[in-house]
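K.L.:
What follows is a predicted structure for the sequence shown.
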Amino acid sequence: MLAGKFVTLGITGSIAAFKAANLASLLSKTGVDVHVVMTDAGQKFVTPLTFQALTKNHVHTGSFGAPSDFHIPHIALAQKADLIAIAPATADILGKIAHGIADDLLTTIVMAATCPVLICPAMNVHMYNNSATQANLARLKELNYLIMEAGTGYLACGEHGQGRFPEPELIYQQIIQLISPAGDFRGISVLITAGGTREPLDPVRFISNRSSGKMGFALARSAATRGADVTLVSAPTNLPTPPGIRFIPVETAAEMQCAVVDIFPNFDVVIKAAAVADFRPAKPSKNKIKKDKDKNLVIEFEKNTDILMEIGKIKKPNQVLVGFAAETENMIESACQKIEQKNLDLIVSNDITLPGAGFDSDTNIVKLIYRNGEIIDLPLMDKLDVAGRILDAALLLHRQCP
Ligand code: CTP
């Protein structure tokens, strides 16, 4: 969806420049063609080589004499761009753009731009609050530049206040929204489950699985950037909550069941990426289980409810239900059985024995198996790209609903 979108990313001289590396990487991984332009001061904080490696594109550093893939760089980088983002933006560049000064490559690009320009300031709290900076920000808004407010918190200079560079994830989200105006999921509510549930044995121990939650979180982030109204019900993970979504944390399969079954009727598309424990210890101990030198510990397990099967029973014809299957053998046969038993529209099946597939990996190798028997074999892909393909399939199914 975003392949072929062109973003010119300006980096100016702020310590937050190192965080822009993460932003460039996130954009690049999503398929955006990122072209970085660094001011002289920006290059004092991070080297062009860092951005070149992350974006796989030449990094532009000067108006004159520097090598470039483009005939007239300041015009090409302005005119080819779907969006120009300046992140981080110093007080200096705010002042220059607000007053029409174009004395280096980045400011001349901005002057030649006809696409939206997003500016993300980052600086010391007193510099940010300075009336000249505030007047420049007001002037930039009048001139239709898009401004992301600086955050409030601890600043690299040791002070506390407004001036923090917005989190790269938030800037990423904002850029994606700006360059994908189609918002093909706008108006569609999506419920996603993620993570591996934890089933307590005693107050300090639990039984769980290897799920990292990465696939479910990638789905939530991707659906939100495409305009969906996203709710993510997640068992514990180490992942940051994607911005712009409703987040419901749970721990056990029983908690996930309560959270999901209650709200399920409100959703158009439901994707159950969570690795839900099939069994839980039948009698979790109130106190910590002590070791007994002579005896082994025998734990009795009882079955958890299959949440997907429960919601499959109450699914309406206008709802799309997508399940996951982690298999080690008989992948297709087993997936087809699950489609029938759980009343699914689509199952995302992965052979977790393959390298690069399944739990706790950044990549996945999956087959999309439809109710009508159609199978789409996807190659090894980044989980964010897999998420995009699953959402494409779910959207098509949603459009075919009565
Ligand atoms: N699932 C669920 N509730 C459970 C167990 C699984 O909702 N108690 C969902 C998972 O979120 C996933 C799908 O069922 O979408 C498949 O999970 P998987 O463990 O692969 O298959 P199972 O149906 O549990 O069958 P088996 O373990 O026997 O393969």
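P.N.:
Arrived safely. Numbers count the residues shown, from 1 in each chain.
K.L.:
Spit out the contact partners of the spatially most central residue of the chain.
P.N.:
The centroid of the chain falls nearest to Arg221 when counting by C-alpha atoms, centre = their mean (3.7 Å). Residues in contact with Arg221, defined by C-beta atoms under 8 Å, 6 or more residues apart in numbering, are 173, 242, 245, 384, 387. In this view, the C-beta of every residue, glycine as well, is placed from N, C-alpha and C.
K.L.:
So the spatially closest residue to Ala235 that is not a sequence neighbour versus Glu149, what's the distance?
P.N.:
Using C-beta to C-beta, 6 or more residues apart in numbering and skipping residues adjacent in sequence, the residue nearest Ala235 is Gly195, 3.4 Å away. Per C-beta to C-beta, to the nearest Å, Gly195 is found 31 Å from Glu149.
K.L.:
Name the residue in these two with the higher neighbour count.
P.N.:
The neighbour comparison of Gly195 against Glu149 (other C-beta atoms under 10 Å) goes to Gly195, with 30 against 12.
K.L.:
Which stretches in this protein count as helices?
P.N.:
Secondary structure of the chain (DSSP state H): helices located at 17-29, 42-45, 48-55, 73-79, 91-98, 105-112, 125-129, 131-142, 168-179, 214-225, 253-263, 307-314, 331-342, 383-400.
K.L.:
Tell me which of those helices lies nearest to the ligand.
P.N.:
Closest to the ligand of these is helix 307-314 (C-beta to the nearest ligand atom; 3.4 Å).
K.L.:
looking at it, Ile86 is touching Ile109, isn't it?
P.N.:
No. Applying C-beta atoms under 8 Å, one finds Ile86 not in contact with Ile109, separated by 9.6 Å.
K.L.:
where do the contact lists of those two overlap?
P.N.:
Shared contacts of Ile86 and Ile109, counting by C-beta under 8 Å, 6+ apart, come down to Gly10.
K.L.:
List the buried residues in stretch 241-259.
P.N.:
For stretch 241-259, burial by neighbour count (16 or more other C-beta atoms under 10 Å) applies to 242-245, 248, 250-257, 259.
K.L.:
swap that for stretch 69-88, please
P.N.:
Within stretch 69-88, the residues scored as buried using 16+ other C-beta under 10 Å are 73-74, 76-79, 81-88.
K.L.:
can you pull the contacts of the residue lying closest to Asp184 once chain neighbours are set aside?
P.N.:
Closest residue to Asp184 apart from its sequence neighbours, by C-beta to C-beta, 6+ apart: Arg226 at 5.6 Å. Contacts for Arg226 (C-beta under 8 Å, 6+ apart) come out as 1, 180, 183-186, 391.
K.L.:
Return the closest of those residues with respect to the ligand.
P.N.:
For these, the nearest to the ligand is Leu391 (15.8 Å; C-beta to the nearest ligand atom).
K.L.:
What is the burial count for the closest one?
P.N.:
Leu391: 26 neighbours (other C-beta under 10 Å).
K.L.:
quick one: it and Ala224 touch, right?
P.N.:
No. Contact criterion C-beta under 8 Å: Leu391 and Ala224 do not qualify, at 10.6 Å.
K.L.:
Near the ligand, which residues of the stretch 151-300 of the chain are found?
P.N.:
253, 272, 274, 276, 278 (C-beta under 6 Å from any ligand atom).
K.L.:
which two in the residues you listed are spaced the farthest apart?
P.N.:
Lys272 and Asp278 (13.7 Å; C-beta to C-beta).
K.L.:
So those two - more neighbours on which side?
P.N.:
Each of Lys272 and Asp278 has its neighbours counted (other C-beta under 10 Å); Lys272 has more, 26 against 14.
K.L.:
Does the more buried one touch Leu308 like I think?
P.N.:
Yes. Using C-beta under 8 Å as the test, Lys272 is close enough to Leu308 to be in contact (5.0 Å).
K.L.:
Now for the two: what residues contact both?
P.N.:
Contacts common to Lys272 and Leu308, judged by C-beta under 8 Å, 6+ apart, are 321, 323.
K.L.:
who's in contact with the closest residue to Thr241 other than its chain neighbours?
P.N.:
Spatial nearest neighbour of Thr241, chain neighbours left out: Phe247 (4.9 Å); criterion: C-beta to C-beta, 6+ apart. Counting by C-beta under 8 Å, 6+ apart, Phe247 makes contact with 231-232, 234, 241.
K.L.:
and Phe247, what are its bridge partners?
P.N.:
Leu232 (DSSP bridges).
K.L.:
Tell me the confidence at it?
P.N.:
The model reports Phe247 with a pLDDT of 96.
K.L.:
Now do it against the ligand, distance only.
P.N.:
18 Å (C-beta to the nearest ligand atom, to the nearest Å).
K.L.:
now do Phe301
P.N.:
Distance from Phe301 to the ligand, by C-beta to the nearest ligand atom: 12 Å.
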